[in-house]
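**Student:** Predicted model and sequence follow; I will ask about them next.
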Amino acid sequence: MAESLLELLQRSCPITLPMHMPGHKRNLDLAPYLKTLAAQLDITEIKGFDHLHAAGGILQDAMNLAAHVFGANHTFFLVNGSTVGVLSAIRSVTQPGDSIIMARNCHKSVYNALALNNLRPYFIYPQTNLRYQIAASTSLQSVEQAILQHQDARVLMLTCPTYEGVVSDLPAIISLAHRHGLTVIIDEAHGSHLGFSPYFPSGAVKAGADIVIQSLHKTMPSLTQTALAHVRTPALANEMQRQLAVFETTSPSFLLLASIDSCVRLIQKHHDELFTAWHKALEAFHEKALGLRLLRVLGYGKERGLKLENVHGLEPSKVFISTIDTNIDGYELAEILRDRFHTEPEMISPQGVLCMTGMGDTVDTMTFLGDALLEIDRGLSPAVVSKVPLMAPQVQAKVSIARAERAPFICLPIEEADGYAVAETIVVYPPGIPVVVPGEVMNRQAISYLLAAKAAHNTILRSRSDVDGEVAVLRDA
Ligand SMILES: Cc1ncc(COP(=O)(O)O)c(C=O)c1O
């Protein structure tokens, strides 16, 4: 009989160094509650345990404590990840048909929220950084331009930090948006650890965002799917609560809720020592990275302190290793890390590998990663992996996302799609920004960009078509 999922987990986890989520990194010494959370404590909403969607007892007390620890006015525990927070936040602050200004590199949950609520997006294209081939910061100027150009929009939605750890100037952006009367939602899924230590940037709650969504599980010691939503005003909090009841399960896991509460309490009690230990672990990695010849690590080793084009700042929990100057690509680097060092990265692209650190990492795990990279680096020779232009050409929408996403479609070879409204989202990594979303019209420049990305073996993710080289277009538009 084929191996079961449980057997595979039991076989693989003990021998693999996780350089991916969740942030607890299976470090049970750091967070002993994670060992305790199992079926013997698995209940549903019974007397004495409160109701997540109408909290007034122990869950409300726990959420109040979390608000205090994270410096927020109101905090909600989420058990369906940041995804449910993003869907609920956007629905809390918009009416069907509204317009919203958003970064083009937002997570797919934001695009799903557009479709669900029939919203009209005005996109801000983030800058890019050629040296690392990644999406860079969202500039204050681009936000200002979008606000002045689209005065019907009442909401601004941005992602900060990015997957690779790039941050934007949130205090300036948020105060600008507030001066123009916009409500600001920040997807801080990758930044629940921000604001607790000067080693990391200070985060979106402090910068004054109206709603901030954080995946606790991505970087902090809490189980997968656990997240937080922080809300600034009571009126928004009431609406958020109503919308969470729409999108989130009616059977929240008390194991997940207890994981969130325990994580919050751990941070409250020990934040200084926990963040100092994480800082030390990352600095141990930095010392190793100084010895790299050809592999480059964003913000580490000889790259530290470099002025990076279009990058306002970095948050150091992300270790993005670029293979651009070497004779291997990111896929090959990931294979070597797996095969020779039992190390599993978070994300791989032709241009590099993203290792995610978390509070569960230690000087030992980060030294191990640094030594592994040094050993790999010694065997590499210089070369340049081919680069595709980073920023996709802009395209115009003809049909709303809500309509296009569900309308009948046909698939065409990409080369023949000029002038057709597409029925799917196509994302190219790097830099991980959609080239087209449903309802937008394919043009010659977008076709050339996709063909170049394909020829360079960049990762191309499509939401509907499943034949390589094709694109789903609307049958009747
Ligand atoms: C920027 C961003 N926002 C939101 C999410 C969704 O988070 P979750 O997986 O906790 O639902 C992700 C997930 O990777 C993400 O990268």
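**Tutor:** Sure thing, it's come through. Keep in mind the model is a prediction, meaning the values are calculated, not measured.
**Student:** Any chance you could note which residues of the chain sit beside the ligand?
**Tutor:** 81-83, 86, 107, 109, 159, 163, 187, 189-190, 215, 227 (C-beta under 6 Å from any ligand atom). In this view, the C-beta of every residue, glycine as well, is placed from N, C-alpha and C.
**Student:** Looking at those residues, spot the one nearest the ligand.
**Tutor:** Closest approach to the ligand among those (C-beta to the nearest ligand atom): Gly81, at 2.4 Å.
**Student:** contacting residues for the closest one?
**Tutor:** Residues near Gly81 by C-beta atoms under 8 Å, 6 or more residues apart in numbering: 215, 217, 225-227.
**Student:** Among the residues of the chain next to the ligand, give me the pair with the biggest separation.
**Tutor:** Tyr163 and Ala227 (16.0 Å; C-beta to C-beta).
**Student:** Relative to the ligand, how far out is Asp29?
**Tutor:** Distance, Asp29 to the ligand, using C-beta to the nearest ligand atom, to the nearest Å: 25 Å.
**Student:** Looks to me like that residue is in a strand.
**Tutor:** No: according to DSSP: H, G, I helix; E, B strand; the rest coil, Asp29 belongs to no strand; its state is coil.
**Student:** Pull up the per-residue confidence for Gly432.
**Tutor:** You'll see Gly432 listed with a pLDDT of 86.
**Student:** Go through stretch 29-39 and flag the buried ones.
**Tutor:** In terms of neighbour count (16 or more other C-beta atoms under 10 Å), stretch 29-39 has its buried residues at 30-31, 33-34, 37.
**Student:** Please work out which residues outside the lowest-mean-pLDDT helix or strand in the chain touch it.
**Tutor:** Least confident helix or strand of the chain, by mean pLDDT, DSSP states H and E, is strand 459-462 with a mean of 89. Strand 459-462 has contacts (C-beta under 8 Å, 6+ apart) with 349-350, 424-429, 450, 453-454, 471-472.
**Student:** Kindly reformat these as JSON lines containing neighbour count, pLDDT and secondary structure.
**Tutor:** Shown next, in JSON lines, are the contacts of strand 459-462 (neighbours: other C-beta atoms under 10 Å; pLDDT from 0 to 100; DSSP: H, G, I helix; E, B strand; the rest coil):
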{"residue": "Ser349", "neighbour count": "24", "pLDDT": "89", "secondary structure": "strand"}
{"residue": "Pro350", "neighbour count": "22", "pLDDT": "87", "secondary structure": "coil"}
{"residue": "Glu424", "neighbour count": "21", "pLDDT": "95", "secondary structure": "coil"}
{"residue": "Thr425", "neighbour count": "21", "pLDDT": "95", "secondary structure": "coil"}
{"residue": "Ile426", "neighbour count": "24", "pLDDT": "95", "secondary structure": "strand"}
{"residue": "Val427", "neighbour count": "20", "pLDDT": "93", "secondary structure": "strand"}
{"residue": "Val428", "neighbour count": "23", "pLDDT": "90", "secondary structure": "strand"}
{"residue": "Tyr429", "neighbour count": "21", "pLDDT": "87", "secondary structure": "strand"}
{"residue": "Leu450", "neighbour count": "24", "pLDDT": "94", "secondary structure": "helix"}
{"residue": "Ala453", "neighbour count": "21", "pLDDT": "89", "secondary structure": "helix"}
{"residue": "Lys454", "neighbour count": "15", "pLDDT": "88", "secondary structure": "helix"}
{"residue": "Val471", "neighbour count": "28", "pLDDT": "95", "secondary structure": "strand"}
{"residue": "Ala472", "neighbour count": "24", "pLDDT": "96", "secondary structure": "strand"}
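**Student:** Out of these, which comes closest to Val436?
**Tutor:** Nearest to Val436 out of those is Ile426 (C-beta to C-beta; 5.3 Å).
**Student:** Name all residues that make contact with Thr343.
**Tutor:** 16-17, 19, 337, 355, 368-369, 372.
**Student:** Turn these into CSV, including pLDDT, neighbour count and secondary structure.
**Tutor:** Converted to CSV, the contacts of Thr343 look like this (pLDDT from 0 to 100; neighbours: other C-beta atoms under 10 Å; DSSP: H, G, I helix; E, B strand; the rest coil):
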residue, pLDDT, neighbour count, secondary structure
Thr16, 96, 15, coil
Leu17, 98, 20, strand
Met19, 98, 28, strand
Leu337, 98, 23, helix
Cys355, 98, 27, strand
Phe368, 98, 20, helix
Leu369, 98, 27, helix
Ala372, 98, 19, helix
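**Student:** quick one: low-confidence parts of this protein?
**Tutor:** 385-389 (pLDDT under 70).
**Student:** Do you have the strands of the stretch 351-477 of the chain handy? List them.
**Tutor:** For the stretch 351-477 of the chain, strands defined by DSSP state E, counting those that start in this stretch occupy the ranges 352-356, 409-413, 426-429, 433-436, 459-462, 470-474.
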